[in-house]
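Colleague: Need the 3D shape of this:
(one chain, ligands or ions: 1)
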Amino acid sequence: MIKTGNILLQTGSENSDDLWKQGRLVEVEITDLSDTGDGVGRFGERVVFVPDTVVGDRITVRLLRVKPQYAFGKLQEIITPSTHRTRPGCIVADKCGGCQWQHIGYEYQLEAKRNLVIQALERIGGISAPPVDAVLAGDSALGYRNKSTYPVCLSSTQKVQAGYFQKGSHQLVNLNQCPVQDARLNPLLSEVKQDIQGRGWRIYNEKHHRGQIRHLSLRVGRRTGEMLLTLVVKDGDLPGIEAQAEAWLKRYPQLVGVSLNVNPDRTNAIFGEETRCIAGKSFLREVFADLEFQIRPDTFFQVNTEVAELLLQEIVGQLDLQGNEVLVDAYSGIGTMSLPLAKLVRQVIGLEVQREAVEQAAANATLNQITNVSFQMGEVENLLPQLAVTPDIVLLDPPRKGCDRAVLDSLLQIQPSRIVYVSCKPATLARDLKVLCADGYQLVRVQPADFFPQTAHVESVAFLVR
Ligand SMILES: C[S@@+](CC[C@H](N)C(=O)[O-])C[C@H]1O[C@@H](n2cnc3c(N)ncnc32)[C@H](O)[C@@H]1O
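Modeller: Numbers count the residues shown, from 1 in each chain. Coordinates of the predicted model:
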């Protein structure tokens, strides 16, 4: 047992079952970062996960959720800070659950993200020494988000609040600005809350499933400055919303549209199925890869426009397209990848499940006079086996859960000569690559990209050849 300050604590060398209990204070050195962003320390043979720490920290940690071989703990005291620590660029970084890595220097964030991708490919994918490049990063690690969606709550003094939940809870951290979002959205965030308060609109209470306003969603076109404001409501009944929406459009010249999205369900999903434009336009304009895109409030668009464009350039560089290829863009969204790639190949077929996204993708193709692209609506798992043509290249960009097994089986049947797999979760990427690499595909290269600075999230693109 040793003493630091006035805290008595145990070190791993004195390890025994008695010390491995909820509420105990132990001393550990952080030697790794987990895929959820927590620091990882060892206490004897056991592992402790501690948020708000970084490799090189020597800390005392209070054990909270204790399992036989591992525990989750709360940082109590930093005995020796890591050289990778930095001052957070956000005043609520210690509370807010939006970012996990504000306290980590940016260079080290990039190194840690590459390690996360390598570890996932090795441990889950069974790929030894995977060919993972240095992480691609944009010019700015702050102010990069083109979209933010905040839960709305009432404080104990009945004040309207919007922000992110505290780490591991449903307690809201009220924000008037957020340093990772595009700064042009900050005035909207603070002032719209005041207007909601002034109108007396009821705020949704998730426990009782009563009230109206659930979320506030802000979106900006990085290249055009056009903004959209969307209120997610329980059933759409907001007295005076039309007049308020017009007032917002007048007050913010860059705001081009105000919409209501209706989500009547008891669910963690943010958006419901119905989106109604109340004033202005139902989309903003953005420029991506030298093309014009119309983006609605409720369809997917990468939150980091600049780095998404860098990733697209990597894909184009790696594919070395000759102009005669047929490319399938599976999980094509509003055509963000399909349209720029269509200019470089013979034909692109986009596959996408969301009706609004398919409609928007087709409209974006027309807007840019791109005629060698078509979009099919449905699940990739159903559409891929029924394709009328055999693609040379399949681009996959699924949600975090990765590809359905049926999609991988179809690919192994169709056997495109190249597969490009864009992923926002290394664990599911590794799981799916294991299936493809066990049956005729070779992993050529993985390029991670930092779409989400200050968080533990990492995007990657993996290139496979048959
Ligand atoms: C990560 S986004 C990628 C969108 C697009 N590739 C881009 O870069 O903007 C995933 C997209 O897949 C769609 N999606 C999710 N599950 C799907 C499925 N089973 N079949 C087809 N599309 C799906 C979502 O609606 C979303 O547009």
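
Colleague: okay, now residue 77: neighbour count?
Modeller: Look at residue 77: counted by other CB atoms under 10 Å, it has 15 neighbours. Yep, even glycine has a C-beta here, placed from its N, CA and C like the rest.

Colleague: What lies in contact with whichever strand or helix holds it?
Modeller: Using DSSP states H and E, residue 77 sits within strand 70-80. Identification of contacts with strand 70-80 by CB atoms under 8 Å, 6 or more residues apart in numbering yields 4-5, 7, 20, 25-27, 38, 43, 46-53, 57-65.

Colleague: And the residue of the chain closest to the ligand?
Modeller: Residue nearest to the ligand within the chain: residue 333 (2.8 Å; CB to the nearest ligand atom).

Colleague: Show me the helices in the stretch 201-350 of the chain, by range?
Modeller: Under the criterion DSSP state H, counting those that start in this stretch, the stretch 201-350 of the chain contains helices at 241-251, 305-319, 338-342.

Colleague: of all the residues in the stretch 351-466 of the chain, which ones are close to the ligand?
Modeller: Proximity of the stretch 351-466 of the chain to the ligand (CB under 6 Å from any ligand atom) is limited to residues 351-354, 357, 379-380, 397, 399.

Colleague: Out of those, flag the one nearest to residue 337.
Modeller: Lowest distance from residue 337 to those (CB to CB) belongs to residue 397, with 6.7 Å.

Colleague: Surely residue 433 is in a strand?
Modeller: No. According to DSSP: H, G, I helix; E, B strand; the rest coil, the state of residue 433 is helix, so it is not within a strand.

Colleague: Near it, how many other residues are there?
Modeller: As a burial measure, residue 433 scores 27 neighbours (other CB under 10 Å).

Colleague: what's near enough to touch the nearest residue to it once chain neighbours are set aside?
Modeller: Leaving aside its chain neighbours, residue 433 sits nearest to residue 125 (4.9 Å; criterion: CB to CB, 6 or more residues apart in numbering). Each residue near residue 125 by CB under 8 Å, 6+ apart is listed here: 429-431, 433-434, 437.

Colleague: hang on, the earlier thing: strands - which of the residues of the stretch 351-466 of the chain next to the ligand land there?
Modeller: Among those, the ones falling in strands (DSSP state E) are 351-352.

Colleague: near the ligand, which residues of the protein?
Modeller: 300-302, 331-333, 336-337, 351-354, 357, 379-380, 397, 399.

Colleague: Got the domain ranges for this structure?
Modeller: What automatic domain parsing lists as the domains of the chain is 2-80, 110-139+304-465, 147-288.

Colleague: what's the offset of the last one from the middle of its chain?
Modeller: In other words, domain 147-288. Centre-to-centre, domain 147-288 and its host chain are 19 Å apart (CA atoms, centre = their mean, to the nearest Å).

Colleague: Look up which residues are beta-bridged to residue 41.
Modeller: Here residue 41 sits in beta bridges with residue 30, residue 48, going by DSSP bridges.

Colleague: Might you report the residue contacts of it?
Modeller: Residues in contact with residue 41, defined by CB under 8 Å, 6+ apart, are 28-31, 47-48, 50, 53, 59, 61.

Colleague: Any of these buried? List them.
Modeller: Buried members of the contacts of residue 41, scored by 16 or more other CB atoms under 10 Å, are 28-30, 47-48, 50, 53, 59, 61.

Colleague: Output the below-cut-off pLDDT ranges for this protein.
Modeller: For the chain, the stretches flagged by pLDDT under 70 are 1-16.

Colleague: now, the most widely separated pair of the buried ones among the contacts of residue 41?
Modeller: Spanning the widest gap among these are 47 and 59, at 14.3 Å by CB to CB.
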